[in-house]
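A.B. asks: Need a 3D model of the following:
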Amino acid sequence: MSDDKTSTATLEPTTAAGTGVVGPTGIGATGSRAAGSGAPGATGPGNADALSAAKESLEDYTLRFAPRSYRKWSAGVVATSALGGIAYLADFSIGANIGIAYGTVNAIFGIIVAAVIIFATGFPLAYYAARYNIDLDLITRGSGFGYYGSVVTNIIFATFTFIFFALEGSIMAQGLQLGLGIPQWIGYAVSTIIIIPLVIYGMKTLATLQVWTTPLWLLLMVVPVGYLLLSHPESIDAFFAFTGASGEGGPNMASVMLAAGVCLSLMAQIAEQIDYLRFMPPKTAENKGAWWRAVILAGPGWVIFGAIKQIIGLFIAIYLIAKLDPAAASSANEPVHQFLGVYEEMMPAWLAMTLAVVLVVISQIKINVTNAYSGSLAWTNSFTRITKTYPGRMVFVVVNLVIALILMESNMFEFLNTILGFYANCAMAWVVTVASDIAINKYLLKISPKVPEFRRGMLYAVNPVGFVSMLVSAGVSIAVFFGAFGAAVQPFSPIFAVGLALVLPPVLALLTKGRYYLRRTDDGIDLPMFDADGNPSDAKLLCHVTGIEFERPDMLRSAQDRPDGEPQYISSLALSTDKSGELVLPAQK
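C.D. replies: Numbers count the residues shown, from 1 in each chain. Okay, the predicted model is just below:
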């Protein structure tokens, strides 16, 4: 874990006299006037919003690149932390729901189809996050959306976090009601309130929580499933013979795609994985094996574990239905009932109930700290970009959780398939569009700049390549989902979302000749952006607005030079809160 001494030191505003950071011209880059003096909109030692964001960013880096000085975790710790965030029990509910609706065979095929799509589209995103140490919003900006164009995708992601927070909170409330007799409406509030203190301190607290709770979570989940397979081998035959409400014994393409559509709602989970992967250490010759394993397993590889959990959830649900009676289907999709039913086969009822509740509570906390954390980043980033005002991340922790609580109290669990099926169209349109731009436009066509750009002033406000592609693919697939093109086509909305989002970015990039990707190609700084290993440079420059040193990838030349004509530098963080616009470099012709 990082002790953050280096990072904390940078919080003190630095004047011209005490620094020795070498600038592009060989002169001290911090040899400017006292920090912030004369900067438009600056007050005291620097812009208040920029300073506020910079201080809080020691623990979350809400608006910017994650600097090397903070990234002290090993690849293994980062991967474990990221995978700890997929401890959610919603997969068990999703698997049970689609299996009960469409039968085992169709559900499994649907799960596999969704997993392949999620893995393929998640790989380029995870690589970019780990290699360049930026979150998915920053990747999205430079992958066809533009500086403001990616705001809409941030809202899509924030929606994902509160939908799944509500889903996991509902599962915890079910456990508290079953085990402790707590009314569900109180359980919803409890599952929400306990998360708040855990997300205040960001990555350091989350990494510790995930690493220490993962072994117990694995034990509580894996042991009962192994016991069931060994002690009741006949349940395997019953599992594959289950036809569900549809009564279809064999594969049916429409049912497979309906099942896949529900599973594809989880596509936005890659953004939460990336919120951890951006803290990966630099990739070097010495650690490249561990680095790649961590990126693949904790990035797109999360869906492998997710698919396994979905199949397990379906397996246990079918066992309960066969063991008890068909009426058990009413609660067989609730994870607390699933695991309680298996635990009761293994041990006394009181111990079974205790362990079932413990599993539900641990799982809910592990995922919902991530949902609350990632959601607050998304809301804060969007709000700050639009208003140029930084309200503090904790404001949006509360906003996100209030929305989730309203969903829980509205009993969204009863409409799970419909909610997730609809949301999947938006998530697929966004993620596949970004993946298409990276894989096709950046690497195959070489129209999109290969190095991701996220800084204000370097990007156009909106790039039609990604922005229009996402809107069209989401709009068409949602129309299909609601039956606008007929009942025969309705189940295939995921194909429309994925297909259009894959094809449109290269088409639009060719039509626009890539002219809307970069407003500038030169950020005005002569220092190299990357070190000898291709990792973002850790050289530091002083931001003349905040008086804080930032690493090279965060910095640009300011449009305001010193009185003597020497250049000054400004961080992307300060630019994001600059209301005047006078510090933004002009567009290059």
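A.B. asks: CA only for contacts and neighbour counts going forward, please
C.D. replies: Noted.
A.B. asks: A strand includes Asp564, no?
C.D. replies: No. Counting by DSSP: H, G, I helix; E, B strand; the rest coil, Asp564 falls outside a strand, being coil.
A.B. asks: Count the neighbours of it for me.
C.D. replies: For Asp564, the count of nearby residues is 7 (other Cα atoms under 10 Å).
A.B. asks: Any regions of the stretch 1-150 of the chain where pLDDT drops low?
C.D. replies: 1-63, 85 (pLDDT under 70).
A.B. asks: pretty sure Gln338 is touching Ile321, no?
C.D. replies: No. Judged on Cα atoms under 8 Å, Gln338 makes no contact with Ile321 at a distance of 10.2 Å.
A.B. asks: shared neighbours of the two, which are they?
C.D. replies: Common neighbours of Gln338 and Ile321, counting by Cα atoms under 8 Å, 6 or more residues apart in numbering, are Ala332.
A.B. asks: out of the two, which sits in the busier spot?
C.D. replies: Of the pair Gln338 and Ile321, Gln338 is the one with more neighbours under other Cα under 10 Å, namely 25 against 17.
A.B. asks: Now do the contacts for that one.
C.D. replies: Per Cα under 8 Å, 6+ apart, neighbours of Gln338: Gly313, Ile316, Ala317, Leu320, Ala332.
A.B. asks: Select from those residues the one having the most neighbours.
C.D. replies: Neighbour counts for the contacts of Gln338 peak at Ala317, which has 31 neighbours (criterion: other Cα under 10 Å).
A.B. asks: Show me how far the strand or helix carrying that residue is from its chain's centre.
C.D. replies: According to DSSP states H and E, Ala317 maps onto helix 302-323. When distances are taken as Cα atoms, centre = their mean, to the nearest Å, helix 302-323 is centred 24 Å away from the chain's centroid.
A.B. asks: quick check: angle from the following helix or strand past it to helix 302-323?
C.D. replies: Once the chain leaves helix 302-323, the next helix or strand it forms, by DSSP H and E, is helix 335-346. Direction vectors for helix 335-346 and helix 302-323, defined by axes from the mean of the first three to the mean of the last three Cα atoms, to 10 degrees, enclose an angle of 60 degrees.
A.B. asks: any idea of the mean pLDDT in helix 335-346?
C.D. replies: Throughout helix 335-346, pLDDT has a mean value of 82.
A.B. asks: what's the answer for stretch 299-314, then?
C.D. replies: Taken as a whole, stretch 299-314 has a mean pLDDT of 92.
A.B. asks: Stretch 437-445 too?
C.D. replies: For stretch 437-445, mean pLDDT rounds to 96.
A.B. asks: Report the buried residues of it.
C.D. replies: Within stretch 437-445, the residues that count as buried by 16 or more other Cα atoms under 10 Å are Asp437, Ile438, Ala439, Ile440, Asn441, Lys442.
A.B. asks: OK, contacts around Cys543?
C.D. replies: Contacts of Cys543 (Cα under 8 Å, 6+ apart): Ala35, Glu549, Phe550, Met555, Gln568, Tyr569, Ile570, Ser571, Ala574.
A.B. asks: looking at it, Trp217 is touching Ser363, isn't it?
C.D. replies: Yes. With contact defined as Cα under 8 Å, Trp217 counts as touching Ser363 (7.0 Å).
A.B. asks: I appreciate the help and will end here.
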